[in-house]
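Asks: Next input, structure requested:
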Amino acid sequence: MQSFLPENAVVWAEIPVTDMARSKAFYAAVVGNDLTDQDNAPNPMSVFKAKEQASVAGHIYPGKPAAPGTGPTVHLAVDAVEAAMERVSVNGGQVVSPVIDIPGGRFAYCLDPDGNSFGVFSG
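Replies: Purely as a prediction, here's the structure:
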C-alpha cells in the first residue's frame, strides 16, 4: 500500500453555530481578527483569517452544534493564551481547562456560546 502524505493533515474545520452574528462577534473577539463572510459556498459562512490564502483555516456556518463539549475540538491560533481565555469569558464562552504546556506551545480548552469545544493555542 502506498502512503499518501498531504502537506496538511487537516484541510479545513467547520464549526456549526445557531446564531451567525453572535458567533462571528464571539470568535472575532477571541482570535483578535474579524471573520470574513463568504457567499460562494453552498451555505453561508464566515471564514477565519490567516496570513496565506492557501493555509489551513476554518469557518463558522449555520448548523446544529453537538451537545456541549461532545463534538470535535478545533484549536485556534491566538496572540496569547491567557488573554484569549479572558476574551472567551468576557464574550459569553467558557474556559474549561487551565493552560496546558506542550512542546509546541500552550493551549486551553474552551466552549463557545453554543457549547462547541475549541482550544486557544499560542506557539
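Asks: Okay, buried residues for the strand or helix carrying residue 24 please.
Replies: Assessed by DSSP states H and E, residue 24 sits inside helix 20-31. Neighbour-count burial for helix 20-31, counted by 16 or more other CB atoms under 10 Å, picks out 20, 23-31. No exception for glycine: its C-beta is placed from N, CA and C like everyone else's.
Asks: So what touches it?
Replies: Residues outside helix 20-31 that contact it (CB atoms under 8 Å, 6 or more residues apart in numbering) are 15, 17, 34-35, 44, 46, 48, 60-62, 76-78, 84, 87-88, 90-93, 110, 112-114, 120.
Asks: now do stretch 65-84
Replies: By CB under 8 Å, 6+ apart, the surrounding residues in contact with stretch 65-84 are 13, 15-18, 27, 30-32, 48, 58, 96, 99, 106-109, 111, 114-123.
Asks: That one: which residues count as buried?
Replies: 65, 71, 74-78, 81, 84.
Asks: thinking again about what came up before, among the buried residues of helix 20-31, which one sits closest to residue 40?
Replies: Distance to residue 40 across the buried residues of helix 20-31 (CB to CB) is lowest for residue 20, with 16.3 Å.
Asks: check contacts around the closest residue to residue 37 other than its chain neighbours.
Replies: In this structure, residue 37 finds its nearest non-sequential neighbour in residue 46, 5.3 Å apart by CB to CB, 6 or more residues apart in numbering. Each residue near residue 46 by CB under 8 Å, 6+ apart is listed here: 20, 23-24, 27, 35-38, 59-61.
Asks: Any chance of CSV for the residues you listed, columns distance to residue 5?
Replies: Output for these, formatted as CSV (distance: CB to CB, whole Å):
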residue, distance to residue 5
20, 36
23, 34
24, 35
27, 31
35, 30
36, 30
37, 34
38, 29
59, 25
60, 30
61, 29
